[in-house]
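1. Fold the following for me, if possible:
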Amino acid sequence: MKLKDWVILLIVALLISAFVFVPGLKTAYENLNATHGMWMSFAKFALLATFGESLALRIKTGFYNRPGFGLLPRALVWGFLGLTIKIAFVIFANGTPVLLAYLGFEEALTALPSGLSWAAFFTAFSISTAMNLTYAPVMMTIHKITDTHISKTGGSLRGLFSPINIRQIFRHLDWDTQWNFVFKKTIPFFWIPAHTITFLLPADYQILFAALLGVALGVILSFATLKNVKP
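-> The predicted structure is shown next:
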């Protein structure tokens, strides 16, 4: 990576930090997230996860974009995936403590709002584990299918909205990379610990952390896709 790449990363980091440390922006962001949480999730992942994919392309090929990459189609797909991620966060953050209480660990219902403790850590870890072992593999596979479809249709918007031959793409996916790297390595060693931290943070910082993880998600999944692709 060159100096200008680090400058770009610094600018992105400063922009994200502004929504935490600049009072007016922080309040405006919190209000938007409270009243339009789904749309904010769409925008967050459309921008940041796509930036992560462009960053991975830059590291791999030296370019942030290239013909056939499909920057806008990828952003739309990430926006849609962002909606499902938001839904998953709501479902698992609320449902997992109820399940833990049903199993006898009643502290799970109040552990996270009460602050840092072993009960809070175990609850956050349980939420992250449940989400990443059930929802995450499905989401990652959908991303792989749509990513392949975008590449096969030349990275155009028209191609994105053409029928997806899911059966054919599914049969020819690189399951060795998908299973041995994306599932077996990134889920237990990155995503479960990362989301454990996410659910331990206050709500405002969860938003920031999820945004940063959106960049990481784009980079990781894009590397899996670009692994065997030559520029």
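2. which SS class is Gly154?
-> Recorded secondary structure, Gly154: coil (DSSP: H, G, I helix; E, B strand; the rest coil).
3. Report how many residues lie close to it.
-> 14 (other C-beta atoms under 10 Å). Any C-beta I mention is one placed from the backbone N, CA and C, and that applies to glycine too.
4. That one touches Phe69, doesn't it?
-> No: Gly154 lies out of contact with Phe69 (C-beta atoms under 8 Å); the separation is 9.8 Å.
5. just the helices in this protein please.
-> 3-21, 23-35, 37-61, 71-102, 108-111, 118-152, 157-160, 166-171, 175-177, 192-200, 203-226 (DSSP state H).
6. what sits against the residue located most distally from the centre of the chain?
-> For the chain, the largest distance from the centre (C-alpha atoms, centre = their mean) belongs to Gly104, which lies 31.7 Å off. With C-beta atoms under 8 Å, 6 or more residues apart in numbering as the criterion, no residue contacts Gly104.
7. May I see the helices of the chain organised as JSON lines, with distance to Thr186, mean pLDDT and mean neighbour count added?
-> Converted to JSON lines, the helices of the chain look like this (distance: least, C-beta to C-beta, whole Å; pLDDT from 0 to 100; neighbours: other C-beta atoms under 10 Å):
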{"stretch": "helix 3-21", "distance to Thr186": "21", "mean pLDDT": "79", "mean neighbour count": "12"}
{"stretch": "helix 23-35", "distance to Thr186": "27", "mean pLDDT": "83", "mean neighbour count": "12"}
{"stretch": "helix 37-61", "distance to Thr186": "13", "mean pLDDT": "86", "mean neighbour count": "20"}
{"stretch": "helix 71-102", "distance to Thr186": "15", "mean pLDDT": "94", "mean neighbour count": "18"}
{"stretch": "helix 108-111", "distance to Thr186": "26", "mean pLDDT": "93", "mean neighbour count": "18"}
{"stretch": "helix 118-152", "distance to Thr186": "8", "mean pLDDT": "95", "mean neighbour count": "19"}
{"stretch": "helix 157-160", "distance to Thr186": "25", "mean pLDDT": "92", "mean neighbour count": "14"}
{"stretch": "helix 166-171", "distance to Thr186": "20", "mean pLDDT": "93", "mean neighbour count": "12"}
{"stretch": "helix 175-177", "distance to Thr186": "11", "mean pLDDT": "89", "mean neighbour count": "13"}
{"stretch": "helix 192-200", "distance to Thr186": "10", "mean pLDDT": "93", "mean neighbour count": "20"}
{"stretch": "helix 203-226", "distance to Thr186": "6", "mean pLDDT": "70", "mean neighbour count": "20"}
